[in-house]
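Enquirer: sequence below, structure please.
(chains A, B, C and D)
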Protein chains: 2
Amino acid sequence: MHRKLPHPNLYLREEELRRGIELLYFAYRDFTQDPDKILADTGLGRAHHRVLYFVGRSPGTTVSGLLKLLRITKQSLSRVLGQLVDDGYIEQQAGMTDRRQRLLYLTEKGDAFEKQLFSTQRERVAQAYKTAGPEAVAGFWEVLLNIVNETERETVLRAIEK
Amino acid sequence: MHRKLPHPNLYLREEELRRGIELLYFAYRDFTQDPDKILADTGLGRAHHRVLYFVGRSPGTTVSGLLKLLRITKQSLSRVLGQLVDDGYIEQQAGMTDRRQRLLYLTEKGDAFEKQLFSTQRERVAQAYKTAGPEAVAGFWEVLLNIVNETERETVLRAIEK
DNA sequence: ATATTTAAGTCAGCTTTATTGACATATTAA
DNA sequence: TTAATATGTCAATAAAGCTGACTTAAATAT
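Expert: The predicted structure is shown next:
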């Protein structure tokens, strides 16, 4: 009985890869919980938050821009976006050059709410940046960016396209 | 009309914080897509993957250990775990010291499937580590760990408790 | 000018993954 | 013996996604 052990280097490598996977999972889990708590009191959910976030980040983005960015279907976005418009968080304007487009903007109410949601995550991330230091932050960005699909890294850096 | 501009340092800070938030969102989105593709052909989903992952990572973990780690309800886990047991991916053994406990283990089939799912993420993360370099990886870990709830950092480092 | 494509929206039905609440059983601990 | 714990189960509900089919209005291409 002669069990071949994995090569020490490969073993170490696997451990490091699993550590990254786990940290990504747990950090994501905890980092979404702060806004989720606030959202729970409003009848909105995480999906609404994402739309508020990216419309706030790129005012005037179009419906199809959001669809590509969030990688969800029109029907899924429709419900979420419809509620946000109905509840007065988001305004739509017909595009000037292409009047089929619906350009999306936060209302004042939407902007205030987005800021409130952001502030919870801001605090968490700011604390993490501060504790880890600027070099660690640079590494954090670099690794995350390389985890993103190669074809979409540009888009991510510009936050949103179109 | 005298609009007060935000202080440049705060502005920069906000941009950096938003960049972290966005990278975390997009990296997580893309990093889950590889296993999701495989899972789609099997009738299992992301929830099953998480259970397979952590049982594989900590053989002999208990149901309540998983509940705390994944932070879901017993009823949610029940369905997922039940399917995994029924389909022969996971085996349960009564605890030796406490016979109420169900200790969880991957079967050979479960182990093989977990390896297959892991391999897709392994490739993505390994490429990111390689491109970014070891110092960046250290920063990546450190920032992510500090984003995790303080009370659970120990647990995360040990991958799973109990 | 007409035909095609595009941007957006809608209706209907389904799936996955989570929730709350109530209760049951076996086992351990006080 | 009683109380607490670990697990399991029934039932109903919600959030957020999906596919497929179709409509309307506007822009583009032929």
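Enquirer: give me phi/psi at A:Tyr105?
Expert: Main-chain dihedrals, A:Tyr105, degrees, to the nearest 10: phi -140, psi 150.
Enquirer: brain fart, A:Met96
Expert: Per degrees, to the nearest 10, the backbone of A:Met96 is at phi -80, psi -40.
Enquirer: once you drop chain neighbours, what's closest to A:Asp36?
Expert: A:Arg46 (6.2 Å; C-beta to C-beta, 6 or more residues apart in numbering or on different chains). C-beta: built from backbone N, CA, C; applies to glycine.
Enquirer: from A:Val55, how far off is that neighbour?
Expert: Going from A:Arg46 to A:Val55 by C-beta to C-beta, to the nearest Å gives 15 Å.
Enquirer: do you know the pLDDT at A:Glu22?
Expert: pLDDT for A:Glu22: 96.
Enquirer: tally up the residues packed near it, please.
Expert: 20 (other C-beta atoms under 10 Å in any protein chain shown).
Enquirer: ditto for A:Lys37
Expert: A:Lys37 has 9 nearby residues by other C-beta under 10 Å.
Enquirer: pull the number of nearby residues for the residue in chain A that DNA strand C sits nearest to.
Expert: Residue nearest to DNA strand C within chain A: A:Ser64 (3.0 Å; C-beta to the nearest atom of the strand). Neighbour count for A:Ser64, taken as other C-beta under 10 Å: 14.
Enquirer: count of residues packed around A:Thr97?
Expert: 5.
Enquirer: so how far is A:Leu81 from the residue of chain A closest to DNA strand C?
Expert: In terms of C-beta to C-beta, A:Ser64 sits 12 Å off from A:Leu81.
Enquirer: now do A:Ala94
Expert: Distance from A:Ala94 to A:Leu81, by C-beta to C-beta: 15 Å.
Enquirer: neighbour count winner among the two?
Expert: More crowded of A:Ala94 and A:Leu81, by other C-beta under 10 Å: A:Leu81, with 22 against 10.
Enquirer: quick one: the more buried one and A:Glu91 touch, right?
Expert: No - here A:Leu81 does not reach A:Glu91: they are 11.3 Å apart, not a contact under C-beta atoms under 8 Å.
Enquirer: contacts for stretch A:127-145?
Expert: The contact list for stretch A:127-145 (C-beta atoms under 8 Å, 6 or more residues apart in numbering or on different chains) reads A:20, A:153, A:156-157, B:16-17, B:19-20, B:23-24, B:26-27, B:128-129, B:131-132, B:135-140, B:142-144, B:146-147.
Enquirer: and that stretch, average pLDDT?
Expert: For stretch A:127-145, the per-residue pLDDT averages 97.
Enquirer: following the helix or strand harbouring A:Glu135, which helix or strand comes up?
Expert: Assessed by DSSP states H and E, A:Glu135 sits inside helix A:134-147. Remark: after helix A:134-147, the chain's next helix or strand is helix A:153-157, criterion DSSP H and E.
Enquirer: only C-alpha atoms, please: export that following helix in CSV.
Expert: Extracted C-alpha coordinates of helix A:153-157, given in CSV (Å, rounded to 0.1, in the frame of the first residue of the first chain):
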residue,chain,number,x,y,z
ARG,A,153,-12.2,44.1,-17.6
GLU,A,154,-12.4,47.4,-19.5
THR,A,155,-16.0,47.7,-18.9
VAL,A,156,-15.5,47.2,-15.2
LEU,A,157,-12.8,49.8,-15.0
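Enquirer: what is it packed up against?
Expert: Judged by 3 or more C-beta pairs under 8 Å, 6 or more residues apart in numbering or on different chains; DSSP states H and E, the packing partners of helix A:153-157 are helix A:134-147, helix B:8-31.
Enquirer: so which of those helices gets nearest A:Lys74?
Expert: Proximity to A:Lys74 (C-beta to C-beta) singles out helix B:8-31 among the helices and strands packed on helix A:153-157, at 18.1 Å.
Enquirer: for the helix or strand that that closest one is followed by, which positions count as buried?
Expert: Using DSSP H and E, the helix or strand that directly follows helix B:8-31 along the chain is helix B:33-40. Neighbour-count burial for helix B:33-40, counted by 16 or more other C-beta atoms under 10 Å in any protein chain shown, picks out B:Asp34, B:Pro35, B:Leu39.
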